[in-house]
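A.B. asks: have a look at this prediction, sequence included:
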Amino acid sequence: MAVQVLDPDPEYVLNHCTKYLARDNTDPRHNFGQFGSDDTRASIAESWRFPLIATYSDGTSSKSNYAVNQVTFVYQNRGVVSPISVGVIGTFATLYEPIPLRPIQFLGENTGYFALTVIVPKAEVHFYKYLVNNQYIIDPINPQRVTLDNNKTWSRFFTQFCTQPLSFEDWEYAILQRLVAHILPFRTREGQNFIDRYYNILDKQDKAALFPSAYRLDESVGATNYIDCILAREENHHLIDYKICISEINQVLRQRNPFIDPQDISVEMYAQLYNEMAANTVPGWDYSKYGRPRYFWELLRRHTFTGAFSHPKYGGNIGAAGWAYLAERYFDTATKTTLFNWQRAIESPLGINKDYHG
Amino acid sequence: MQTRFDVIIIGSGAGGAPIAYTLVKAGKSVLILEKGPLFKPQYQNTNGLSDFKRDELISDGTEKRVQVPGVANYGEGFYSSHVEPDINDEPHVYRGADGQDRATIEGYTAQVVGGGTQLYGGVSLRFTPTDFQLQSFNAGRTDLKNDPDGDVQREARDWPISYDELEPYYTQAEELIGFNGTVDNQLKRFSKDNYQPPLEPNPISRYAKAGMEQLGRELNPIDPILPYRTPLAVITRDHPPSGRKVPTDPETLKTSYVNRYGCPLGAKSNTWVALLSPISDQPNFEIRANCIVTHLECDGARINRVMYRDPSGRQLSVEGNLVVVACSAIESIRLLKLSARFNSEFDQRINQNDLLGRYFLTHCFGGASALMPTRNDKSMALDADWATDCCATEDFLKNNGLWAGGAIYNNTSDQALPLSIGRNHGSQDLDTLWKGFIDDTRLAGQGLADFLDENIGRGLSVSFMANQVPQRNNRIELHPTISDKWNRPVAYIIKTWHRHDQYLMDTLAGMCGKILKYGGENNTGEFQFLFEGQGGIFNAENALARIANHILGGARFGTDPRDSVLDIHCRAWNFDNLYVTDGSFMPTSGGANPTLTIQANSFRVADELLKRL
């Protein structure tokens, strides 16, 4: 697979590395539970930012480049001796041909940072390794690591608008969808009416014009997908909360209704469970495994709301359905104009702003 | 690599950039060392994309947790902007009311070229002439409320410069940096009107305007003080001094991605696009981004070396004939105190009295909020539309037993975008984002729909920004045990609110409440007017941390070396070539947002520096 490789812009690399990587203090101040006690990534701020994923334009048209991201790999030499060669192989390119990372300089001196920028389509998941002095290593910075079927561990990244499953089994995802749908306003009658219509509108639109529309719009407008994405990246420290609590919810619901799969249980039973979690008193919950179901309930509500109404590049608010719901709900019938005109500020093709490129 | 310059400036925000602009234009060699990255607007990047985005998760991102050893809020979640420091790496620590230390994001502006001017809402008011003379104004008064020990009269200081002396530099700043607003009805003398025309106010602001008009008539029946369009650091027309252009339809600049967002189009007049970018192609100017200054070294009265870390952490040094420290008051004081630890002579000279770090100031601030009778599209707004000086007149102060006044303006871009409505619901500051939302059990399903119905397009708040009484024990120190990512002691913020501050905040919050009630109750609409509340920030749960990102004082200037840290030109008294020009020079905090005054003062200092080079 041919991949477009760009010269890494040293200013861009330093602008996005210094704050996070440059330091003397090695206290594990960035371990919120996602790392082991001796993991060097615990001393790196926001290590999830690596590799750096950003919007891309070739300078002629951001709209025509809207379907791709630029991905910048960064390797930081922490040793005294600079490596002779640093390269990367990954599923985003040919797996047998390493692509070299270039040393990044500041005022003519090497900084110890090596970088490479490639163009990768949005909504993709890839695996990669670094090749340092001809030795394959997983990325020492990026927290995303996946052990594949052949028992080999690779580093992983995913691009914006990702909708591929990352953190959950199907049954976990299905329960999560039910919980998320309970929180959002789209299960109200007006909300459901909107979802049904908006889904049809999306289907009829030119798919190239509203990237990416090739997925099913669900009742959560993608908030479940957003949660899946941030648990794989920004808030990986909360994945354990979801894993334990979804398992507990599965157990509780099976105890209460042994003949129906938890994801198919009635809305009323989910409402009851929701209220019990809010009260931190859930009959059947194993408190020795997770002491505060209320905490998970708080977490879930913050994540759900954020996923429904943040920029769609984070994986939720699919097709800007969350924003469109607000735009339709808040409407001045006298002037026939919306009172939440989100499109006006947002880049094309998602929005209609002619000056802002995203 | 060039290592010698006429002038080295530490920090590229409001305190540093005007000096760089003036001196580079005069042919002097200038180096700016900036801790943060150089993020550019679209038109400056070859790919046509901005490093700043209209993205609600970039202004207050996903959750991180406080992991600073030894603080009482260890383990609590926090949310910060992509250009704010990570609390775990570079915490500010304050002493809470219970005597325990907590890490906070308060007191940082932004770590990026342009500093706080990249993220601020852009409210750019001049201080009033009275703000410069609060010692004289309060001398002999017996009517001051809630000041039984006479603290105001003992601690207030006149600035060593008057409004009239600073006025030409206000004018210069307004011309070169680029603001929109109106002069009429402002209670300050303008020698020249350099404002660009304001954009159309958001429709919801009509309630604030009506309320301000009624309050103005109530306070001054014979000669009412009427509102004016809030001066904002946003260009609305092409701006020749900086070469910036606005969109074909400037009204599209109203997006509500304003306060806490960098402007992707460069229309917000941050110091990078307004002052530094226009000189960035000059051979006598260099800016080194991602470089943190660790300490200054001196030889006698001269700063002879500025020590800094490059983007990889390597220690380097540069030399300058003059050195200007302007990295926002808390960090500037910290830098000076850290330098004193490295060098006993530096210590003796900077601590020629015991005032460094003392009389740290922010603002008395607060306001009122309400849900208005009609829904309006608040997603089309800049930060503020209307302002009034009716609570800054000498009559108002004397009628209310106040030592100083403040500006009042309505916030327009707040409560506009959905995530901000959620994360600010019930929270009072950056340290408590999302707390109200996650505690509000009704917010699910129909309850969440109702919450959105109540809030989207209906929320309106009116704020005041007023002088805080200087207190000797309000101070910045180095924390005895907590260090940053370079293993240097972090800043320790110790401050309280004076009883008169509390009275002042109650009084002005009451005025803000009147504005909303006058504007909302007298108008009918689809909904019932709902007054949500009023108050000063001293009522907040973590009131001792609150700084409003207005970081002032701690190195005040004056005419008496026994009573000030800096001389009238902002030079450290016992140094020949060390200047401090961020908000730390202020002896009193002024009755308005401080950035424009910091910028004007830096233009003033720059003229003085030119005489020396």
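C.D. replies: That came through, no problem.
A.B. asks: with adjacent residues omitted, what lies nearest to the residue nearest in space to the middle of chain A?
C.D. replies: The residue lying closest to the centre of chain A (CA atoms, centre = their mean) is A:Cys229, at 2.9 Å. Here the nearest residue to A:Cys229 in space, its sequence neighbours aside, is A:Gly315; by CB to CB, 6 or more residues apart in numbering or on different chains that works out to 3.9 Å. Bear in mind the C-beta positions are built from the backbone N, C-alpha and C, glycine included.
A.B. asks: next: B:Asp439.
C.D. replies: B:Gly426 (7.0 Å).
A.B. asks: now for the one you found, how many residues are close by?
C.D. replies: By other CB atoms under 10 Å in any protein chain shown, the residues close to B:Gly426 number 13.
A.B. asks: let me see the contact set for it.
C.D. replies: Listed by CB atoms under 8 Å, 6 or more residues apart in numbering or on different chains, the contact set of B:Gly426 reads B:Lys435, B:Gly436, B:Phe437, B:Asp439, B:Asp440.
A.B. asks: do B:Asn220 as well
C.D. replies: Per CB under 8 Å, 6+ apart, neighbours of B:Asn220: B:Cys390, B:Thr393, B:Asp395.
A.B. asks: is it true that the residue nearest to A:Cys229 touches A:Leu166?
C.D. replies: No. With contact defined as CB atoms under 8 Å, A:Gly315 and A:Leu166 do not form a contacting pair (9.3 Å).
A.B. asks: can you list the weak-confidence ranges in the chain?
C.D. replies: If you meant another chain, say so; for now it's chain A. Along chain A, the parts satisfying pLDDT under 70 run over A:1, A:202-217.
A.B. asks: hmm, I had chain B in mind actually
C.D. replies: Looking at chain B by pLDDT under 70, you get B:428.
A.B. asks: in it, which strand has the most residues?
C.D. replies: strand B:315-325 (DSSP state E).
A.B. asks: buried ones in whichever helix or strand comes after it, by neighbour count?
C.D. replies: Elements were assigned by DSSP states H and E; along the chain past strand B:315-325, the next helix or strand is helix B:329-342. For helix B:329-342, a neighbour-count test (16 or more other CB atoms under 10 Å in any protein chain shown) marks B:Ala329, B:Ile330, B:Glu331, B:Ser332, B:Ile333, B:Arg334, B:Leu335, B:Leu336, B:Lys337, B:Leu338, B:Ser339, B:Ala340 as buried.
A.B. asks: report the beta-bridge partner residues of A:Arg102.
C.D. replies: For A:Arg102, the beta-bridge partners are A:Ala115 (DSSP bridges).
A.B. asks: contacts only, for the residue lying closest to A:Phe305 once chain neighbours are set aside.
C.D. replies: Leaving aside its chain neighbours, A:Phe305 sits nearest to B:Gly422 (5.0 Å; criterion: CB to CB, 6+ apart). By CB under 8 Å, 6+ apart, B:Gly422 lies in contact with A:Arg302, A:Phe305, A:Thr306, A:Phe309, B:Trp434, B:Phe437.
A.B. asks: which non-adjacent residue is nearest B:Ile568?
C.D. replies: B:Pro160 (4.4 Å).
A.B. asks: would the one you found count as being in a strand?
C.D. replies: No. Under DSSP: H, G, I helix; E, B strand; the rest coil, B:Pro160 falls outside any strand and is assigned coil.
A.B. asks: ok, back up a step: so what's the residue nearest to A:Cys229 up against?
C.D. replies: Here A:Gly315 is in contact with A:Phe161, A:Cys162, A:Thr163, A:Gly222, A:Asn225, A:Tyr226, A:Asp228, A:Cys229, A:Ile230, A:Gly307 (CB under 8 Å, 6+ apart).
A.B. asks: going by distance to chain B, which of those wins?
C.D. replies: A:Ile230 (5.9 Å; CB to the nearest CB).
A.B. asks: count of neighbours near residue 136?
C.D. replies: Defaulting to chain A. For A:Tyr136, the neighbour count with other CB under 10 Å is 13.
A.B. asks: sorry, I should have been clearer: chain B.
C.D. replies: 12.
A.B. asks: and B:Asn522, by the same measure?
C.D. replies: That count, for B:Asn522 with other CB under 10 Å as the rule, works out to 13.
A.B. asks: and the residue nearest to it when sequence neighbours are not counted, how far from B:Gly519?
C.D. replies: Nearest residue to B:Asn522 in three dimensions, chain neighbours excluded: B:Ala210, at 7.1 Å (CB to CB, 6+ apart). Distance, B:Ala210 to B:Gly519, using CB to CB, to the nearest Å: 4 Å.
A.B. asks: how about stretch B:246-257, does it reach chain A?
C.D. replies: Yes. Stretch B:246-257 lies within reach of chain A by CB under 8 Å from any CB of the partner chain, at B:Pro247, B:Thr248, B:Thr252, B:Thr255, B:Ser256, B:Tyr257.
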